[in-house]
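K.L.:
Just the structure for this:
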Amino acid sequence: MYNKPQARRRSQLPSLEGRGIFLLPGILHLSLSSFRLDRGLAPQGPVRPRCNDLPYAEQTSTHPKCSIAPSDGVSSPTNQLSVAPHALPLLVKYGFYPPITLKTPTREVLSYVFAAPENANPPGSFSQWGELAHKLDSDVFRAEFALDLVEVFFQIVHTRIPLLNPEQFRSQLRLQPGDNSVSDDTLHPALVATVIAWGTKFSEHPLLVADRQRPGGQSLLAKTLIDRARDLAEALKVHRIPSPDHVVIGLLLEPLQSQNPDDPNRFHCFWVSAATRHLLDLQVNHKSVLTTISAPDARGTMIFAFWMACIADAYGSVYYRHKPVLDDDDYDIDFYTVDPTPPEVDSHTPAPNPREQLEFLGYYRAAHALARVARSMSRHLWRPSTDSDGIPFDVLYGLTSQLSSWRDEFLTLVGVPSNFEGEWDFVSAVSSCASDATYHVMWVVLFSALDDFGVKEVNEVIRMNQPISMVPNYSQIDLVMRKVADEALHGALRIAGLAGVLTSNGYLRLDPAVMLVSVVQSGNLLARLGRPEVSNCVAGLEQYSYSYEEAGEQASDIRKIYNQVRAGELELQHMAGVAPRMSYDGSDPQQGQQMIIDDPSLMSNGMQSPSEYGPSTEYSMYSR
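P.N.:
Next up is the predicted model:
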């Protein structure tokens, strides 16, 4: 039950007051990295108990058996293991010394987070991280640097993923000069490490600018801090022990990491799945339990975290082709609503509440409705029978109807408006673009599934070497397949246009991967169709690469696919007959390689009006 005592007091949980617009990163498939803790080892000599083998109460206090020296290449004579370093259990490999527990002061946590690289040569050298990294050897500089990174987190990441109370977090850091007090409300070490790692992605601190002076413009310090935040979370069992802190840490860790599903070190959906299961263990999905939480901050944080996990779980299952953790009937809590305005508040004083604004605009309701469609897509598309037999036509018809219904009800409310007055700020621009793109990328995903699997009824006739005319209702099947192809192309062009506008304003450099998956999926489709508008996606991913290294690799892959298609080396599969393709006359090689937006009708202030997305006459029979 959630109302039992947890690692932190309820009163210390963050408030939602003053939070910004929230839209979810679509960055969510899973690789269970923590399984490496359970690999078989062949110890040579006596084996000391691991911290993982101790009771939880003992793990969270200083324990002599957990004081394992750092792995600096010199093995302890009492604990030598004849295994490769990458296969060692976490606390042996990284060895926090003194051991980091939930009570460790933040200043000591920073000593681990900003410690010199493990493979430094000579040992203890910071030179790998640039010419200014030697300053990290100073306790005073580490505290100042950490405070700067925390501010970057709240300015950029918190506006998109508002899970923390900024003022409360700052006060509990206790990193201000002269503040050496010790308190019972110490911040969770993994939370501190995660927030700081986020800050390194976007900070323009001189130390990080110097570290990025290398090919590709990547910061090695930022990469190291992401790994250390994850390792610290694993060592403190964030993924195993249900608690409010662990829910928040899991949701913040998920979009921090690599978004490439082909990355062997990926962690797609591992942390969001762990956070979701923690929420279920805490019974936050039960209305009867939520009503027993008297502290508004605690209740608000858990409700917000639940809806974030709920929607992220659904979207991620579609993007990365796996079943969602949650089903539609796994929760009965009311959707996110704002508390009534206290009577003592002056009604003439403007005090806009971001939650109230979002509820009024319908963002949460629209996101939840689209999440239900996404779950339906994942349940039907990502199953072995679909992979082998194809998508049944009734399933395909149902999914297109659900997407069309969502468009008619919500897109004009939460998508990009047709007319703007004044300049768009970062939060407004990325939030509206992300809502718009999340809907359109669903058509792109459906197109890719159709191209990979085909329609079951058509596949059965083809396998029997029968003519296509033998397919029952083939004219209707062909009509729906063409609708999917047209909607997917339209959606990909739409996302490319949005990416172009955001890139031109430099916003994707500061985006915590909210638009990343949509840009990648759309770029791949446009490249496979030989569309020159793919250049917007490539440029957007190259801008993303300053914060997400894999985005640069994805941009190169998309450019390669585009060139192969233009050369006639790649073709579609099941959708080859219905997908609109560019015609190539080959008369002008330079023109053939040009990649620009070539259809002005797609752009209105860089974007097409959502009001133009009404169901077409040709497909109106399938739009309900």
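K.L.:
Could you give me the buried positions within stretch 371-379?
P.N.:
Ala371, Arg372, Val373, Ala374, Arg375, Ser376, Met377, Ser378 (16 or more other CB atoms under 10 Å). In this view, the C-beta of every residue, glycine as well, is placed from N, C-alpha and C.
K.L.:
Just the ones of the residues you listed in strands?
P.N.:
Counted as lying in strands by DSSP state E, out of those, is not a single one.
K.L.:
Tyr562: which of these is nearest?
P.N.:
Using CB to CB, Met377 comes nearest to Tyr562 of the buried residues of stretch 371-379, at 26.6 Å.
K.L.:
Quick check: that closest one touching Val318?
P.N.:
Yes: judged on CB atoms under 8 Å, Met377 makes contact with Val318 at a distance of 5.3 Å.
K.L.:
Mutual contacts of the two, please.
P.N.:
Common neighbours of Met377 and Val318, counting by CB atoms under 8 Å, 6 or more residues apart in numbering, are Met442, Val445.
K.L.:
which residues of the stretch 501-624 of the chain fall in strands?
P.N.:
When secondary structure is read from DSSP state E, counting those that start in this stretch, the stretch 501-624 of the chain shows no strands.
K.L.:
low pLDDT regions in it?
P.N.:
Low-confidence segments of the stretch 501-624 of the chain, defined by pLDDT under 70, span residues 582-624.
K.L.:
ok, 50 please
P.N.:
Along the stretch 501-624 of the chain, segments meeting pLDDT under 50 span 585-624.
K.L.:
now swap in the chain and tell me
P.N.:
Applying pLDDT under 50 to the chain flags the ranges 1-94, 337-353, 355, 585-624.
K.L.:
Name all residues that make contact with Phe153.
P.N.:
Phe153 neighbours (CB under 8 Å, 6+ apart): Val195, Ile196, Trp198, Gly199.
K.L.:
go again using 7 Å as the cut-off
P.N.:
Listed by CB atoms under 7 Å, 6 or more residues apart in numbering, the contact partners of Phe153 are Val195, Trp198, Gly199.
K.L.:
Provide a list of residues in contact with the residue nearest to the last one when sequence neighbours are not counted.
P.N.:
Once its chain neighbours are removed from consideration, Gly199 has its nearest residue in Leu149; the separation is 2.8 Å (CB to CB, 6 or more residues apart in numbering). With contact set as CB under 7 Å, 6+ apart, Leu149 has these partners: Ile196, Gly199, Thr200, Ser203.
K.L.:
Drop anything exposed from those.
P.N.:
Buried members of these, scored by 16+ other CB under 10 Å, are Ile196, Gly199, Thr200, Ser203.
K.L.:
and those as JSON lines, adding secondary structure and distance to Met464?
P.N.:
JSON lines is the format used below for those (DSSP: H, G, I helix; E, B strand; the rest coil; distance: CB to CB, whole Å):
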{"residue": "Ile196", "secondary structure": "helix", "distance to Met464": "61"}
{"residue": "Gly199", "secondary structure": "helix", "distance to Met464": "60"}
{"residue": "Thr200", "secondary structure": "helix", "distance to Met464": "58"}
{"residue": "Ser203", "secondary structure": "coil", "distance to Met464": "61"}
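K.L.:
For stretch 557-576, measure first residue to last.
P.N.:
End-to-end distance of stretch 557-576 (CA to CA, to the nearest Å): 21 Å.
K.L.:
I'd like the numbering to begin with 16 instead of 1 from here.
P.N.:
I'll keep to 16 as the first residue from here, and by that count the last item is stretch 572-591.
K.L.:
buried set for that stretch?
P.N.:
Residues of stretch 572-591 classed as buried: Asp572, Ile573, Arg574, Ile576, Tyr577, Asn578, Val580, Arg581, Leu587, His589, Met590 (neighbour count, 16+ other CB under 10 Å).
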